[in-house]
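Q: turn this into a model:
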Amino acid sequence: MTSVFTSSAKYVVRLHVLTTQSYASWLEGQEARFSTLAQGMGFKAQTGKSLVVPNADGQIEDVLFGIGGDADTGALAAASASLPEGAYALTTVPEGLDVTNMYAAWADGAYRFTQYKDDKSSPPQLVITDKKSLEAAQIEEASIKLVRDMINTPAEDMGPTQIGETVEALAKEFGAEVKQIIGDDLLKENYPMVHAVGRAAADAPRYVELSWGDKNAPHIALVGKGVAFDTGGLNIKTGGYMRHMKKDMGGAAHVIGLARMIMASKLNVYLTLHVPTVENAIGAGAFRPGDILKSRKGLSVEIDNTDAEGRLVLGDALTRASELKPELLLDFATLTGAARVAMGAEVAPFFATDEAFAASIYQSGVDKADPIWRLPLWKPYLAMMKSPVADLVNGASSPFAGTITAALFLQEFVDAKSWAHFDVWGWRNAQYGRPEGGAAFGLRAVMSYLTQKYS
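A: Numbers count the residues shown, from 1 in each chain. Alright, predicted model coming up:
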């Protein structure tokens, strides 16, 4: 992959990032041609607005870019999404802003998904002269691009087989070990809920487990929901709700991308990655409403709704990860529509059993402009997940608090010192010139926390 970051270039355009507050004072120190052009074009450092300033030969020499009064560093995505090919360098940066957040925004806007298009254009590059900063930016760029590419790829080309192959390729790249349990072997190895959800599909369900690092180092376990496509099963979704269900493996994509960041950054941890991956298909072998499934943990689960399948495959995976006694267990899943109703498209809710971790990860989200918000594991709501004929039911008895009840269901399968669950959308609407499509939520916040603790 060609990075959108580089250490040098023959010709570099100066990029001036300006807030509405800093713009006037900055302009006073510039040549008159800047103010003349800005006045003529109505540029006032508004969020996401840019002004190209040519030299006497007509070549772009400077670009003024506005991030508004709220100093929204994410707006820089509009620059890399729209500027012509070439190299740019951050020459002016408002005081107090984290330049690494600008790097992330640049990579965000420069992202292109061209697997199915004849697009040979190249996005603009940003020059980062500091070697350590460049390496960190490129690791983050490549890892989040992997997340977005996986989510954007349709299920025909990103089914359980290909998700497993992606983890295999990652293991080969970083010298990790990987094991796949496929099809009916899931029953032999005691992953009954993973098998039940995926058994009706042509592409067999599987459990993929990667391990990397020094086993004597602190153990971090990552679990991701890998439902390659979700029809809803026999409780079939309507067309509108099914349209983007290629993204239902977004949780798996998130933890695969996070695992890549951890390994590429050489964090001092022992990492295990757990990806239960299935297609929730409709067929003769499909599991049914009213079925009672066994789980790896021994809990029985009555099926109320086959469209609440993600929590089932995660139940077996969280049990397996807990058996390894990690210091920190994190899971990511595109689990509930209720999370989007509560938080909208830009903020990812999370749940945590560890108060210190919760406070630290929230602050990391603020620092890295990667918004997350903690919701409560409100135990009384677990009563809505009780069944008269089994230990649990996979659908709550009330439509209220859907995100919380789903998290409480997952917690029944967790036995770890510290656990956090992220309910992510895995998708984003168009903004700042970025196209609609797959997106990462919470990864920069989590990686910042892990880097501070385990570097």
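Q: let's verify Met384: helix, strand, or coil?
A: helix (DSSP: H, G, I helix; E, B strand; the rest coil).
Q: can you tell me which residues contact it?
A: Neighbour list for Met384: 396-398, 401, 405 [criterion: C-beta atoms under 8 Å, 6 or more residues apart in numbering]. To be clear about C-beta, it is placed using only N, CA and C from the backbone, and glycine gets the same treatment.
Q: next secondary structure after the strand or helix carrying Gly240?
A: Element membership of Gly240 [criterion: DSSP states H and E] is helix 239-242. The helix or strand immediately downstream of helix 239-242 is helix 250-264, counting by DSSP H and E.
Q: may I have that following helix exported as CSV, CA atoms only?
A: Provided in CSV are the C-alpha atoms of helix 250-264 (Å, rounded to 0.1, in the frame of the first residue of the first chain):
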residue,chain,number,x,y,z
GLY,A,250,-17.5,-4.6,11.7
GLY,A,251,-16.6,-5.7,15.2
ALA,A,252,-14.3,-8.4,13.8
ALA,A,253,-12.8,-5.8,11.5
HIS,A,254,-12.2,-3.5,14.5
VAL,A,255,-10.3,-6.0,16.6
ILE,A,256,-8.3,-7.2,13.6
GLY,A,257,-7.3,-3.6,12.9
LEU,A,258,-6.5,-3.1,16.6
ALA,A,259,-4.4,-6.3,16.7
ARG,A,260,-2.5,-5.0,13.7
MET,A,261,-1.8,-1.7,15.5
ILE,A,262,-0.6,-3.6,18.6
MET,A,263,1.7,-5.9,16.8
ALA,A,264,3.1,-3.3,14.4
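Q: in its sheet, which strands sit next to the helix or strand following that helix, and in what direction?
A: The element immediately downstream of helix 250-264 (helix or strand, assigned by DSSP H and E) is strand 270-280. With DSSP bridges as the test, strand 270-280 is paired with strand 206-212 (antiparallel), strand 219-224 (parallel), strand 226-230 (parallel).
Q: which one of those strands lies closest to Gln363?
A: Closest to Gln363 of the strands paired with strand 270-280 is strand 219-224 (C-beta to C-beta; 19.1 Å).
Q: please find the angle between the direction vectors of that closest one and helix 250-264.
A: 150 degrees (axes from the mean of the first three to the mean of the last three C-alpha atoms, to 10 degrees).
Q: residues making contact with strand 219-224?
A: Applying C-beta under 8 Å, 6+ apart, the set of residues contacting strand 219-224 is 251-256, 258-259, 262, 269-275, 314, 317-318, 321, 324-333, 416, 450, 454.
Q: so Thr129 sits right up against Ser7, yeah?
A: Yes: using C-beta atoms under 8 Å, Thr129 makes contact with Ser7 at a distance of 6.3 Å.
Q: which parts of the stretch 251-400 of the chain are helices?
A: With DSSP state H, counting those that start in this stretch, the ranges of helices along the stretch 251-400 of the chain come out as 310-323, 337-343, 355-367.
Q: pick the most buried one from these.
A: helix 310-323 (a mean of 26; mean count of other C-beta atoms under 10 Å).
Q: show me where pLDDT drops low in this structure?
A: 433 (pLDDT under 70).
Q: okay, now the domains of it?
A: 5-129, 140-454 (automatic domain parsing).
Q: and stretch 225-236, what's buried?
A: Within stretch 225-236, the residues that qualify as buried are 225-235, counting by 16 or more other C-beta atoms under 10 Å.
Q: any idea which of the domains of the chain is most buried?
A: domain 140-454 (a mean of 20).
Q: what would the buried residues of stretch 225-236 look like in JSON lines with distance to Ala440?
A: Shown next, in JSON lines, are the buried residues of stretch 225-236 (distance: C-beta to C-beta, whole Å):
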{"residue": "Lys225", "distance to Ala440": "15"}
{"residue": "Gly226", "distance to Ala440": "16"}
{"residue": "Val227", "distance to Ala440": "18"}
{"residue": "Ala228", "distance to Ala440": "18"}
{"residue": "Phe229", "distance to Ala440": "20"}
{"residue": "Asp230", "distance to Ala440": "20"}
{"residue": "Thr231", "distance to Ala440": "25"}
{"residue": "Gly232", "distance to Ala440": "25"}
{"residue": "Gly233", "distance to Ala440": "27"}
{"residue": "Leu234", "distance to Ala440": "32"}
{"residue": "Asn235", "distance to Ala440": "29"}
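Q: closest one of these to Leu382?
A: Lys225 (20.4 Å).
Q: what are the phi and psi values for the closest one?
A: phi -70, psi 120 (degrees, to the nearest 10).
Q: mind listing what it touches?
A: Per C-beta under 8 Å, 6+ apart, neighbours of Lys225: 248-252, 276, 310, 313-314, 331-335.
Q: need the strands paired with strand 270-280 in TSV (columns: distance to Met385).
A: Below are the strands paired with strand 270-280 laid out as TSV (distance: least, C-beta to C-beta, whole Å):
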stretch	distance to Met385
strand 206-212	24
strand 219-224	19
strand 226-230	20
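Q: wait, which of the ones you listed is closest to Ser121?
A: strand 226-230 (29.9 Å).
Q: could I have that closest one exported to PDB, CA atoms only?
A: C-alpha atoms of strand 226-230 as PDB (Å, rounded to 0.1, in the frame of the first residue of the first chain):
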ATOM      1  CA  GLY A 226     -17.700 -11.500  12.700                       C
ATOM      2  CA  VAL A 227     -21.200 -11.900  11.200                       C
ATOM      3  CA  ALA A 228     -20.200 -11.600   7.500                       C
ATOM      4  CA  PHE A 229     -23.800 -11.000   6.500                       C
ATOM      5  CA  ASP A 230     -26.900 -10.800   8.500                       C
END
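Q: before we move on, the earlier item: farthest-apart pair in the contacts of Met384, please.
A: Greatest spatial distance in these: Ser397 and Ala401, 11.2 Å, computed using C-beta to C-beta.
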